[in-house]
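Chemist: The sequence isn't on hand, but the structure is:
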């Protein structure tokens, strides 16, 4: 079922959904099932599964020369989605990214998803490879999420890359990312917002936001969207804090603001358990306010560590 239909069928009730990481290469799928087993009591209508671009490793040969080798640390996104749908009868939403794919490979991946009965995708540009100062597109691939979105929309209209192919229409429900505090590469919020509006005009069906800890930023973002004709569901992305280091790492990686009240409380914590207690209380209060605000779904970035998220949702369900 499409995400927008899950939301419609909920008739105003706020749903819970979760994002999972594929296990590192060499690890089995049981870790995914273990995480799912912890979270199924909250009846998630859908589960997101991230996709990760290849990075480079440098292999040293006996003669001392280094060889650069492409290496994908967390493969298996599509197979995990199929396994989740088969085992748990829950819709799975694979991330679809620009990096690491040519347009032809993207088309083939979309055909696979369509044949598997996967109705939803989250369209993203994706991150730069580690070691690259900026995002570098794959030759023959897409440079921007809008380009990738256009390809998915084309396939929904039966338009394939090769004009001589009269293909059947796919029927993907398409999600895109939204940034209540703007994308870190955007020069300002309004420029970033212009691109979000363009994605919706192109055919995006729902928005999932970057994580945030200041609820006012999310509310202001939603109000601005509605005032500018963006009427698709806007799903807040949420991530519990689990250690003090995240006060530095999350703003550095995601360019977000952590309110002083929260950061000060965490700085006073002596252990990670103390941090999680403070974070849980903050997140529960924020989620209750989001529910009162009328959000369609509370979407948790679990990093495949269900414990902290479970402690929050138990107080909301």
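Modeler: Sure, I can see it. Note that the structure is a prediction, hence the values are computed from the model and not measured.

Chemist: Please pull up the helix or strand immediately following whichever helix in the chain runs longest.
Modeler: Ranked by number of residues, the top helix in the chain under DSSP state H is helix 272-293. Downstream of helix 272-293, the first helix or strand assigned by DSSP states H and E is strand 297-301.

Chemist: For the residue located most distally from the centre of the chain, identify the helix or strand it belongs to.
Modeler: When distances are taken from the C-alpha mean of the chain, residue 63 lies farthest, 43.0 Å away, according to Cα atoms, centre = their mean. Secondary structure from DSSP H and E places residue 63 outside every helix and strand.

Chemist: now do residue 87
Modeler: Going by DSSP H and E, residue 87 is in helix 77-88.

Chemist: Now that helix: buried residues?
Modeler: 77, 78, 80, 81, 82, 83, 84, 85, 88 (16 or more other Cβ atoms under 10 Å). (Glycine included, C-beta is placed from N, CA and C.)

Chemist: Give me the distance between the two termini of stretch 171-187.
Modeler: 34 Å (Cα to Cα, to the nearest Å).

Chemist: What of stretch 133-151?
Modeler: 27 Å.

Chemist: What are the buried residues along it?
Modeler: Quick answer for stretch 133-151 (16+ other Cβ under 10 Å): 135, 137, 138, 141, 142, 145, 146, 147, 148, 149, 150, 151.

Chemist: My reading is that the first one is in a strand; is that accurate?
Modeler: By that I understand residue 135. No. Counting by DSSP: H, G, I helix; E, B strand; the rest coil, residue 135 is not found in a strand; it is coil.

Chemist: Kindly provide the distance from it to residue 126.
Modeler: Using Cβ to Cβ, to the nearest Å, residue 135 is found at 7 Å from residue 126.

Chemist: do the same with the fifth one
Modeler: As defined by Cβ to Cβ, residue 142 lies at a distance of 10 Å from residue 126.

Chemist: between those two, what contacts are shared?
Modeler: Shared between the contact lists of residue 142 and residue 126 (criterion: Cβ atoms under 8 Å, 6 or more residues apart in numbering) are residues residue 98.

Chemist: can you give me the helices in the stretch 101-250 of the chain?
Modeler: Along the stretch 101-250 of the chain, the segments classed as helices by DSSP state H, counting those that start in this stretch run 103-115, 145-156, 189-202, 215-227, 246-254.
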